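Enquirer: I'll drop the sequence and a predicted model, then ask my questions.
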Amino acid sequence: MRPVARSAIATGLVLLVSQSGAAAGADQGAQLAATCASCHRLDGGGTGIPSIIRLGEERLTNALLAYRASESPNHIMHAIALSLSDEEIASVARYVAAQGK
Amino acid sequence: MKFWTRREFGRLTGAALLTALNQPKARGQAKARVVVIGGGIGGATVARYLAVSATAIEVTLVEPRQSYTTCFFSNLYLAGLRPFKSLSHGYEALAKQYGITVIHESAEAIHPAAKTVALNNGSKLSYDRLVVAPGIAFRDRALRGYDEAAMEIMPHAWNAGPQTSLLRQQLESMEDGGLFVIVVPPNPFRCPPAPYERASLIASYFQRSKPKAKILILDSKDSFNAQDLFQDAWNRHYPGMIEWLPAQFTGGVTAIDAKTRSVITEGATFKAAVANVIPAQMAGRLVQQAGLANQSGWCPVDPVTFESALQPGVHLVGDAIIGGDMPKSAFCANSQAKACAFAIAADLTGSARFPAHLFNTCYTYLAPDDAFSNAISFKPVDGKLKSVISFVSKVEESSEVRRQAARAAEGWYDAFTHDVFG
């Protein structure tokens, strides 16, 4: 690889890292998604606990609203969803859905 | 790092001295420095979330060990259901993927006025904010006769590592028909359901390998968390194997005799084949020296930012803190660490603040394929962390629901340790 191309790739990587870093700090959805990440792997891996990425914003929103409404079928998700406002549900669903793209 | 000799320092005068003392500002674009002491669940999570949420912050993690062994899930190892290695997590991803400087030394002293931390290799770290996550220490002389030598005979296995392997070896070499004694400390202690989970899972191991063995739990309390769920499970899975004696029956454990492997209570002496003595606890030693703990031995904090109530500029997370209803659990440490990281990032970089969400979720094994769960959310109320919503599994749940919880617990461990260590 020629040195110029290598340095262009390196710069690209730095930009990617810093953009995702800035977004994570500034976004309410990112901060709320940190709670999701305590149980759900946000990199798409994992077993035993359902993956929440690639579900899409609407399905995530509807799932959180349903969990908020009822203790069944999962009291953990019920407790989590009960602590979230409508606005918080919208912003975490938007952020998590964007991770799956 | 450069160290000033007294003579060199004496030669610096006026502007030169000011520049030396104000290096970050003098350089203009220097990053804010956060030092995190302790690479357990709380410390590693703070470091990771600071690194991802604020690229303008330089994060240093100070942890003497090369890897961390989780206390949670170590009861599965004790029961022969999980290899020891699966509990161990290194710091490579935090260093390589997240750009955190990991220093494998131990912190010897904190100097809040000078904003420095002294390490045991003689070097010194300067910080703009310090986060201390020291975990627990055992109270001296809480139990007569239980000293460091006694711990090698009757292990606590309450800081995961060599103590945990020692207890496993003792359980494996115990003869069938032997008595295994667990001594449970007074509140508050790390992971309230864990002594009873330990009894449950070791009972499952005895049932497979030493069916005539017995387990005796000598408690410092008269009741315990989720008692109905545990006692129902003990009757169903291990009838007659586990006996629990509350303090009101025994008068409480007063002493240990390591020579005869005996536990002495007010009313009787119990000679064990294997004994697991879990001592009374307090916040890790470093905070006691640094003036971060109050008379209780634990660290009071602001419930929003987790800044110390005793030393400004120093934050604390995890088992070492007190101030409300959050139990001492890995999940709470992780949840507090995220709130703390976002609060520090907002302070140092001006990023937006949002209300924090604090939770505890806990999966507890009653048998290898029978687990229950609970979930609690917390909010700051009048300077304390109050439990506002709480749910727990019920005694009458079907075995299929419990099997699913045991499977979910495995998935949780995988996701959670990825969240903390990358």
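Expert: Cool, got the structure.
Enquirer: what's the burial count for residue B:220?
Expert: 19 (other CB atoms under 10 Å in any protein chain shown). Using the backbone N, CA and C atoms, a C-beta is placed for each residue, glycine as well.
Enquirer: before we move on, what about residue B:96?
Expert: 11.
Enquirer: please apply the same query to residue B:193.
Expert: 22.
Enquirer: pretty sure it is touching residue B:233, no?
Expert: No. The criterion here is CB atoms under 8 Å, and residue B:193 misses it with residue B:233 at 11.8 Å.
Enquirer: any idea which helix or strand carries residue B:168?
Expert: helix B:162-173 (DSSP states H and E).
Enquirer: check which helices and strands that helix sits against.
Expert: helix B:74-78, strand B:274-277 (3 or more CB pairs under 8 Å, 6 or more residues apart in numbering or on different chains; DSSP states H and E).
Enquirer: pretty sure residue B:107 contacts residue B:123?
Expert: No. Assessed by CB under 8 Å, residue B:107 is found out of contact with residue B:123, at 10.8 Å.
Enquirer: give me the more crowded residue out of these two.
Expert: More neighbours surround residue B:107 than the other of residue B:107 and residue B:123, with 22 against 12 (other CB under 10 Å).
Enquirer: roughly how far apart are that one and chain A?
Expert: Residue B:107 sits 26 Å away from chain A when distances are taken as CB to the nearest CB, to the nearest Å.
Enquirer: excluding chain neighbours, what is closest to that residue?
Expert: Excluding its sequence neighbours, the residue lying closest to residue B:107 (CB to CB, 6 or more residues apart in numbering or on different chains) is residue B:37, at 4.6 Å.
Enquirer: now do the contacts for that neighbour.
Expert: B:43, B:62, B:107, B:110, B:117, B:130-134, B:286 (CB atoms under 8 Å, 6 or more residues apart in numbering or on different chains).
Enquirer: ok, which pair from the residues you listed is furthest apart?
Expert: B:43 and B:110 (13.9 Å; CB to CB).
Enquirer: who has more neighbours, the two?
Expert: Neighbours were counted for residue B:43 and for residue B:110 using other CB under 10 Å; residue B:43 has more, 26 against 23.
Enquirer: right, and that one touches residue B:61 too?
Expert: Yes. In terms of CB under 8 Å, residue B:43 counts as a neighbour of residue B:61; the distance is 6.6 Å.
Enquirer: per-residue pLDDT, residue B:67?
Expert: You'll see residue B:67 listed with a pLDDT of 98.
Enquirer: wait, it touches residue B:88, no?
Expert: Yes. Look at residue B:67 against residue B:88 with CB under 8 Å: they come within range, at 4.8 Å.
Enquirer: SS state for residue B:256?
Expert: strand (DSSP: H, G, I helix; E, B strand; the rest coil).
Enquirer: and it, how far is that from chain A?
Expert: 37 Å.
Enquirer: what residues are up against that residue?
Expert: Counted by CB under 8 Å, 6+ apart, residue B:256 has contacts B:143-146, B:150, B:154, B:183, B:262-264, B:275, B:277.
Enquirer: who does it bridge with?
Expert: Beta-bridge partners for residue B:256, by DSSP bridges, are residue B:263.
Enquirer: ok, how many other residues are close to residue B:246?
Expert: 17.
Enquirer: next one, pLDDT for it please.
Expert: 98.
Enquirer: now swap in residue A:9 and tell me
Expert: pLDDT, residue A:9: 37.
Enquirer: right, and residue B:358 touches residue B:376 too?
Expert: No. Using CB under 8 Å, residue B:358 and residue B:376 do not qualify as a contacting pair, with a distance of 9.1 Å.
Enquirer: who's in contact with residue 100?
Expert: I'll assume chain A. Here residue A:100 is in contact with A:44, A:53-56 (criterion: CB under 8 Å, 6+ apart).
Enquirer: that was the other one, I meant chain B.
Expert: Contacts of residue B:100 by CB under 8 Å, 6+ apart are B:47-48, B:51, B:59-61, B:91, B:94.
Enquirer: before we move on, which element is the residue of chain B at minimum distance from chain A in?
Expert: Nearest residue of chain B to chain A: residue B:411, at 2.2 Å (CB to the nearest CB). Assigned by DSSP H and E, residue B:411 belongs to helix B:399-421.
Enquirer: return the distance of the residue of chain A at minimum distance from chain B relative to residue B:371.
Expert: Per CB to the nearest CB, the residue of chain A with the smallest distance to chain B is residue A:48, at 2.2 Å. Look at residue A:48 and residue B:371: by CB to CB, to the nearest Å, they are 11 Å apart.
Enquirer: and those two? which has more neighbours close in?
Expert: Neighbours around residue A:48 and residue B:371, counted as other CB under 10 Å, are more numerous at residue B:371. The numbers are 26 against 17.
Enquirer: check the secondary structure at that one for me.
Expert: strand.
Enquirer: ok, what's across the strand from it?
Expert: Here residue B:371, judged by DSSP bridges, has bridge partners residue B:365.
Enquirer: now residue B:46: closest residue in space that isn't a chain neighbour?
Expert: residue B:337 (4.3 Å).
Enquirer: what about the helix or strand where the one you found lies, distance to the chain center?
Expert: Using DSSP H and E, the element containing residue B:337 is helix B:330-349. Mean-position distance between helix B:330-349 and its chain equals 16 Å (CA atoms, centre = their mean, to the nearest Å).
Enquirer: equivalent analysis for stretch B:331-350, please.
Expert: With CA atoms, centre = their mean, you get 18 Å for stretch B:331-350.
Enquirer: name the residues contacting each of residue A:48 and residue B:371.
Expert: Joint contacts of residue A:48 and residue B:371 (CB under 8 Å, 6+ apart) are B:408-409.
Enquirer: for the chain, just list every one of the helices.
Expert: Assuming you mean chain A. Remark: helices assigned in chain A by DSSP state H are A:3-26, A:28-36, A:57-69, A:75-82, A:86-99.
Enquirer: wait, I meant chain B there
Expert: Using DSSP H, helices in chain B cover B:6-11, B:14-21, B:23-27, B:41-53, B:74-78, B:92-96, B:148-151, B:162-173, B:194-209, B:227-237, B:247-250, B:285-289, B:330-349, B:399-421.
Enquirer: do you know the pLDDT at the residue of chain A closest to chain B?
Expert: So, for residue A:48, pLDDT stands at 87.
Enquirer: next one: residue A:54
Expert: pLDDT, read off for residue A:54, is 88.
Enquirer: and residue B:17, by the same measure?
Expert: Looking at residue B:17, the pLDDT reads 36.
Enquirer: please apply the same query to the one 10 residues further on.
Expert: At residue B:27 the predicted local distance difference test score is 43.
Enquirer: just residue B:5 next, same as before
Expert: At residue B:5, pLDDT is 36.
Enquirer: any stretches of the chain with poor pLDDT?
Expert: Since you didn't name a chain, this refers to chain A. Across chain A, the ranges flagged by pLDDT under 70 are A:1-26.
Enquirer: was after chain B, sorry
Expert: B:1-29.
Enquirer: could you list the domains of chain B?
Expert: Chain B is divided into the following domains under automatic domain parsing: B:30-137+B:282-355, B:144-279.
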